[in-house]
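**Q** Next one to model:
(one chain, ligands or ions: 1)
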Amino acid sequence: MGAVSLRARSRVVTFRSRKLLDKAHDAPCRADFEHHCTGWQGCDPAHADSQIFGRGKDFKTPDWAVAHLCHNAHMALDQMEREEGFYAWLRAFVATQNYLYETGKVKVA
Ligand SMILES: [Zn+2]
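**A** Down below sits the predicted model:
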């Protein structure tokens, strides 16, 4: 997958890949909740904001734990109640993973 870097934070190694994150920029918006979609302008890689995906006090989740969301969906997600936001993100994450694998944007070595 090209320029993949692993950054060590104490004992935790967090997967980082700018190349994988950049796939969001020309991908469709995967938000299934009501919002004014600006996905035609490109999407952002929205990282998981949950402990089970490795979110910690001082660090982001790994770069594979992202959902492709347009700017407005990303902002709307941040305004949701924690559980509602988690499931909205999770649905978008699953749709994002399907997209990445089914279109061959991510390939198994
Ligand atoms: Zn959108």
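
**Q** where along this protein do the helices fall?
**A** 18-22, 71-79, 82-102 (DSSP state H).

**Q** The second one - what's its average pLDDT?
**A** Confidence for helix 71-79, expressed as mean pLDDT, is 96.

**Q** per-residue confidence at Arg11?
**A** Predicted confidence (pLDDT) for Arg11: 59.

**Q** This protein against the ion: which residues are in contact?
**A** 29, 31, 37, 39, 70, 73 (CB under 5 Å from the ion). All C-beta atoms are positioned from the backbone trio N, CA, C, and that covers glycine.

**Q** Quick one: residues contacting the fifth one.
**A** To tie it back to what came earlier, the one meant is Cys70. 29, 31, 35, 37-39, 41-44 (CB atoms under 8 Å, 6 or more residues apart in numbering).

**Q** Buried ones among the residues you listed?
**A** Among the contacts of Cys70, those classed as buried by 16 or more other CB atoms under 10 Å are 29, 31, 35, 37, 39, 43-44.

**Q** Show me which pair in the contacts of Cys70 is furthest apart.
**A** Farthest pair in the contacts of Cys70 (CB to CB) is His35 and Gly42. Separation: 15.4 Å.
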